[in-house]
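Asks: Predicted model and sequence below, questions to follow.
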Amino acid sequence: MSRMTRGTQVPARWRLLACGLFLVASCSIAAAADAGIVDVHALPQLEGAVEDTSRPDPYRVEYRVPTPPVVTSQAVRKLLIAEGWVPYVLPLEEKNTTLKFKKGRQGLSVHFTQALGRPDQSVVYYTDDRIYGNVPFPDGASEIVFDGTRPFLGCIAPAALEATSEFYGREMAAIGWQKLTQETAARWTTSLDETVPNGFRAYYAHADSRETGFYQQKPVMLTLTRGDDGRTIVDIRVAPFALPGELKADSDAAGLPRPTFTKTSRGLGSASSNKREMSAAAMAELPAVLAFYHRELAARGWQEDGSAPLAPGDEVAIKISNTDEAGVLRLGRKYDFTMVSLTAQVKESALAARAKAKKEADEKFMKDAEAMAKQVIAADEARRKVQAAALSDAPLGALADSKTPVPLPETAEGVKFEGDGGHLEFSSTSSVKALTAFYRASLNPAGWKEQPSVINQPNMAVMEFSKGGKSISMTVMQMGPKVSVSASGSALVMAAAKPAPIPEVQAKSSEPLKPDTESPLPVPTQRSSTSLATTKLPGTDTPFRRELEASIPAPLNDVLAFYRTELSKLGWQEKADGAAVSAERAQIDFTSPQGPAVLKLGRARNETTVNLAQKNPDAAAKADIMPKAGQAKVMLGNIGPKEASLTINKQTVKIAAGAGGPQSPKGPMLDLPPGKYQYALRVPGRPARTDTLTVAAGDAWGLMVGPGGDVLPLQMY
């Protein structure tokens, strides 16, 4: 790709000149006001670029190009390097797809997304990236790692040690850095260690400067080391004497101590987990971090049990233990960070005690749940009997002037008839007995033949009628103080002209979507509805699966951008081949710190619907519900009083009463290939029930038989 001069797609030459002059005049204001901020509107764009000007922003540019993101990224990198921009990577973010550049004291961030519904196109974003601690890059430097907030610089200069030392002596002074001496460094330290084997070291300070943007800058240490190949290894970091010597405790991660001043941190598990891990990158010297853990671990009842074998990158490895757990603390150095890894594993003796306590808690939970269910069922039966007594058994006549294909009883209320779909609904104060008698008396003399049904109870009846190739299916059920009637079938279909559908126009959001900080999973504060479901075993804190559903009054594109931003903040990464995006729906597969996840967006009622599901394979494996590779697992339970049998995928499984409860915590389990399955449930004394279950590879579902003989499906993982 070649560089595109702005405006070349406009055919009129004088119009092009006018637009170009206008852009130069308007977009250079920000750059003139602050020389540390790049004028992103003046940067070169790729050939064929179409800029999005719907949301003007002096610090951000967005444009579309007709190439996929992988190709676009390489082309933009080449284009900006040709303009003098030097690429670098941030410490600990070597795999980040966002491109970082520096030119003088200006910084630039460039990231890419797939165009909405067009995998063959990309959207490019230029964003100003202010550098607060500017240090010079040697000409032709390679392997550049840089962070302009502290600052930190690591690179390899192509010149020899002497020439590189001369370069930094000159260029640091040009930026405003002042070399420290024993006298000028006295406010920070009483000794400057300038001894470096086969190298050179110096210390610098920078005064506050409104012009160059430096403010309360800590002194830095420049170290140059002669390489075996004649090149020079460059390292600039905050001077050790300017870093905190004593660290305080920040909030815990996975129930384990974490120091303040960390760039990144991560916790897996919790204080109640059998295994938990904490890792962090601390912005402090290793002795200070080690002293922090000596203090904090002792205060929490941990003891040190000697050294552990060193792993790659370790400088310190210590065995630790307390009454219930054993673990290892590992410390090492990377860039200017002290890398922390702290793991803890519950001892076998403690695991046995926890298992016993959990079993007792589970048994109590299931017994309490069973007792509560029986109370609810008994209360519901009593309520139904009282309500049924208030319903009328009096014979019914037909409602006059009815427009439906079948007669309506004179007590019909809230009638809803859909002729195009062949569906009829209404409620009535008459009893199930009176309503079924009305329809049999009305339809049988008209030649309709009724098919026998096993469901014919005082509170519910199902009737099937047929005549001349047409059919009607009716369900009459007591619902509280009234009876609900639902009918469907080909005999109820009445053709009607339908207006042509009007395509939905998704209006732009009136304001940017803001995250709800109280929600466990990201969701905007601007929403009309939301729900969060978690699946976990009784007595545990870690769910196997979390699922958030929401409806957001905003365009799908805005909601998608919101989730891409918020999920990336949580360490979620999009899978390279796991995105399908169009104007009406989107599905993106993620890898989160806890496990696989998927985001699904759709459109309904002029809003964007959200389904965000996250799985935790560690929790599922510990609970022994993890499906086999490429298959799904189905767990069966029965809290009813009688044995049940369930037939699925040509297999019939007996489910004992209480299976999945206190007497038998683990009910039967089945491994099924992905697909849609019809299943049939049979319970003695009750009609057979049939339904379908769709499972995908990696899913775990539970089918629980209730006291009434019905089945509750629940996705566990």
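Replies: Good, I have the coordinates. Remember, predicted model here, so these are calculated numbers, not experimental data.

Asks: going forward, measure contacts and count neighbours with C-alpha atoms only.
Replies: Noted.

Asks: For stretch 656-673, measure first residue to last.
Replies: Criterion Cα to Cα, to the nearest Å; first-to-last residue distance in stretch 656-673 is 25 Å.

Asks: Distance from it to the middle of the chain?
Replies: Remark: stretch 656-673 is offset 31 Å from the chain centroid, using Cα atoms, centre = their mean, to the nearest Å.

Asks: switch to numbering from 493
Replies: With the count now opening at 493, the last piece we talked about shows up as stretch 1148-1165.

Asks: For it, could you pull out the residues that count as buried?
Replies: 1148-1154, 1159, 1161-1162, 1164-1165 (16 or more other Cα atoms under 10 Å).

Asks: Please apply the same query to stretch 1086-1099.
Replies: 1086-1095, 1099.

Asks: Which parts of the stretch 693-842 of the chain are strands?
Replies: According to DSSP state E, counting those that start in this stretch, the stretch 693-842 of the chain carries its strands in the segments 712-718, 724-730, 754-760, 767-774, 795-799, 808-813, 817-826, 829-838.

Asks: Take the buried residues of stretch 1148-1165 and keep only those in strands.
Replies: 1161-1162, 1164 (DSSP state E).

Asks: Tell me the one of those nearest Lys895?
Replies: For these, the closest approach to Lys895 (Cα to Cα) belongs to Leu1164, at 48.9 Å.

Asks: For that closest one, name its beta-bridge partners.
Replies: Taking DSSP bridges as the rule, Leu1164 bridges to Ala1124.

Asks: Next one, pLDDT for it please.
Replies: For Leu1164, the model assigns a pLDDT of 90.

Asks: my guess is it meets Gln1123, correct?
Replies: Yes: contact criterion Cα atoms under 8 Å: Leu1164 and Gln1123 qualify, at 5.7 Å.

Asks: so how far is the host helix or strand of Ala847 from its chain's centroid?
Replies: Secondary structure assignment for Ala847, by DSSP states H and E: helix 840-882. Helix 840-882 sits 33 Å away from the centroid of its parent chain (Cα atoms, centre = their mean).

Asks: how many neighbours does Ser841 have?
Replies: Residues lying near Ser841 (other Cα atoms under 10 Å) number 12.

Asks: Roughly how far does the closest residue to Gly576 other than its chain neighbours sit from Ala527?
Replies: Distances taken as Cα to Cα, 6 or more residues apart in numbering put Lys595 closest to Gly576, at 6.7 Å, once the chain neighbours are dropped. Per Cα to Cα, Lys595 is found 11 Å from Ala527.

Asks: These two - which one has more neighbours?
Replies: Set side by side, Lys595 and Ala527 show more neighbours around Lys595, with 17 against 14, by other Cα under 10 Å.

Asks: contacting residues around the more buried one?
Replies: By Cα atoms under 8 Å, 6 or more residues apart in numbering, the contact set of Lys595 is 576-578.

Asks: cool, and Leu739?
Replies: Contacts of Leu739 by Cα under 8 Å, 6+ apart are 751-753, 780-781, 784.

Asks: hmm, back to that, quick check: of the buried residues of stretch 1086-1099, which lies closest to Thr896?
Replies: Once Cα to Cα is applied, the member of the buried residues of stretch 1086-1099 that ends up nearest Thr896 is Arg1095, at 33.1 Å.

Asks: What separation is there between that closest one and Ser1043?
Replies: Taking Cα to Cα, one finds Arg1095 at 9 Å from Ser1043.

Asks: Find the residues that touch each one of the two.
Replies: Thr1101.

Asks: Thr830 is in contact with Ser771, correct?
Replies: No: if you go by Cα under 8 Å, Ser771 and Thr830 don't touch, sitting 10.6 Å apart.

Asks: residue contacts, Thr1034?
Replies: Per Cα under 8 Å, 6+ apart, neighbours of Thr1034: 761-762, 1028, 1111.

Asks: what about stretch 949-964, distance to the chain center?
Replies: With Cα atoms, centre = their mean, you get 47 Å for stretch 949-964.

Asks: Other residues contacting stretch 1013-1031?
Replies: Under Cα under 8 Å, 6+ apart, the answer for stretch 1013-1031 is 850, 853-854, 857, 1005-1008, 1034-1045, 1055, 1058-1059, 1115, 1207-1209.

Asks: Relative to the whole chain's centre, how far out is that stretch?
Replies: Distance of stretch 1013-1031 from the chain centroid (Cα atoms, centre = their mean) equals 12 Å.

Asks: Quick check: beta-bridge partners of Pro1205?
Replies: Leu1195.

Asks: Tyr618 now?
Replies: Counting by DSSP bridges, Tyr618 is bridged to Val553, Val602.

Asks: Quick check, it in contact with Leu600.
Replies: Yes: taking contacts as Cα under 8 Å, Tyr618 lies within contact range of Leu600: 7.0 Å.

Asks: do you know how far Glu575 is from Leu600?
Replies: As judged by Cα to Cα, Glu575 and Leu600 stand 13 Å apart.

Asks: just Leu935 next, same as before
Replies: 78 Å.

Asks: Which one of these two is surrounded by more residues?
Replies: Leu600 (22 against 17).

Asks: In contact with the more buried one, which residues?
Replies: 530, 592-594, 618-622.

Asks: what's the answer for Leu802, then?
Replies: Contact analysis of Leu802 by Cα under 8 Å, 6+ apart lists 808-809.
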